[in-house]
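K.L.:
Sequence and predicted structure, then a few things I'm wondering about:
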Amino acid sequence: MQIAVLGLGEAGRIYAEGLHRRGANVRGFDPAYAGEPLEIGTTAPSLEAAVRGAEVTLSLVGASAAASVAAAALAAMPPHAVFADLNTASPELMRQLASEAAAASIRYVDVAIMAPVPRAGIDTPLLACGTGAAWLTDTLRGLGVPIEDVGREAGVAAGLKLLRSVFMKGLAALAFESLAAAERAGSMEWMTSQIAAELGPDGDALVERLITGTKLHADRRAHEMRDARDYVASLGTPNRMTVATLEWLECLAGSRSIAR
């Protein structure tokens with residue numbers, strides 16, 4: 001199995017090296033910068049060299065570069081190969097890229113990563129949809145990757161992830177807001193324990209992930225919540241909490257303390 005991985009940031013590197021360990025022949029390339037070569041697998045000299053002959057190309061370049069990288073990859077991929085977009089983006093963008101892939105005789109898959117990749121590596125649950133979803137699901141399951149096929153229509157997986165993000169990022173915003181007030185009131189430890197108790201047996205760890213992960217990735221998550229805000233609005237339902245969550249993320253992107 002020849003797999004190309006485009007984007008060798010944190011998640012891309014984890015997928016490239018993890019899939020190689022499980023028996024795939026992986027070539028990786030980062031279109032944005034010349035970073036460290038892969039520890040295992042091959043680091044290709046160009047995007048074209050990475051995707052040439054690959055049965056599947058995985059894109060993990062970030063939403064802002066998703067369209068341009070897809071266009072370059074589609075032009076270089078062999079006909080009937082599979083292009084899987086693992087970037088968090090709007091359903092509208094996924095449908096647009098699927099149309100471009102179809103015009104190039106490439107099977108397209110919209111893939112939603114349903115949890116932070118550093119936590120579980122390539123065992124992170126995935127949702128897949130699009131013309132190549134069934135094939136990709138069978139292929140990645142054969143490598144031990146948990147992935148669910150949610151249909152042939154691109155954009156469905158992206159939409160489901162954004163709906164989940166409304167809740168998960170909203171939960172983080174609620175934690176930040178209550179803890180910001182608790183910090184000012186001198187009750188930080190007490191409030192943290194109260195939130196953790198309500199979240200169940202793993203509450204302490206979840207609170208830590210909400211706080212640490214949200215502050216670390218506030219810029220990227222703000223981009224995700226803009227897509228979520230627009231998607232919820234397109235469904236004709238209220239997006240007040242999503243708008244408030246976005247405001248918190250934009251605030252956190254420029255702040256190093258909880259209370260502000």
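P.N.:
Sure, I can see it.
K.L.:
drop to CA atoms for contacts and neighbour counts, all remaining ones
P.N.:
OK.
K.L.:
Would you pull up how far stretch 148-158 lies from the middle of the chain?
P.N.:
Using CA atoms, centre = their mean, to the nearest Å, the mean C-alpha position of stretch 148-158 is found 15 Å from that of the whole chain.
K.L.:
do stretch 66-79 as well
P.N.:
19 Å.
K.L.:
What lies in contact with it?
P.N.:
Contacts to stretch 66-79, defined as CA atoms under 8 Å, 6 or more residues apart in numbering, come from residues 31, 47-48, 51-54, 59-61, 83, 85, 87, 93, 97, 100-101, 104-106.
K.L.:
Restricted to helices, list these.
P.N.:
Applying DSSP state H to these, the entries found in helices are 47, 48, 51, 93, 97, 100, 101.
K.L.:
ok, how many other residues are close to the fourth one?
P.N.:
If I follow you right, that is residue 93. For residue 93, the count of nearby residues is 17 (other CA atoms under 10 Å).
K.L.:
next one: the first one
P.N.:
Burial of residue 47, expressed as a neighbour count using other CA under 10 Å, amounts to 22.
K.L.:
cool, the third one as well?
P.N.:
Using other CA under 10 Å, residue 51 has 30 neighbouring residues.
K.L.:
I'd assumed residue 26 was in contact with it.
P.N.:
No: between residue 51 and residue 26 there is no contact under CA atoms under 8 Å: 10.0 Å.
K.L.:
Quickly list what's touching both of the two.
P.N.:
By CA under 8 Å, 6+ apart, residue 51 and residue 26 have these common neighbours: 3, 4.
K.L.:
Report the buried residues of the helix or strand where residue 68 lies.
P.N.:
According to DSSP states H and E, residue 68 maps onto helix 63-76. Residues of helix 63-76 classed as buried under the neighbour-count rule (16 or more other CA atoms under 10 Å) are 63, 66, 67, 69, 70, 73, 74, 76.
K.L.:
what's the closest of those to residue 234?
P.N.:
If you rank these by distance to residue 234 using CA to CA, residue 63 comes first, at 19.4 Å.
K.L.:
Residue 88 is in contact with the closest one, correct?
P.N.:
Yes: contact status for residue 63 versus residue 88: in contact at 5.9 Å, counting by CA under 8 Å.
K.L.:
Can you list the neighbours in contact with the host helix or strand of residue 214?
P.N.:
Residue 214 belongs to helix 203-216 when elements are defined using DSSP H and E. For helix 203-216, contacts defined as CA under 8 Å, 6+ apart pick out 172, 175-176, 192-193, 195-197, 199, 221, 249, 252-253, 256.
K.L.:
From residue 111, how far off is residue 151?
P.N.:
For residue 151, the distance to residue 111 (CA to CA, to the nearest Å) stands at 11 Å.
K.L.:
quick one: the strands in the stretch 101-250 of the chain?
P.N.:
107-113, 126-129, 147-149 (DSSP state E, counting those that start in this stretch).
K.L.:
Out of these, which one sits most buried?
P.N.:
Of the strands of the stretch 101-250 of the chain, the one with the most neighbours on average (mean count of other CA atoms under 10 Å) is strand 107-113, at a mean of 29.
K.L.:
How far off centre is that strand?
P.N.:
That offset, for strand 107-113, works out to 11 Å (CA atoms, centre = their mean).
K.L.:
Since that was my last question, I'll sign off now.
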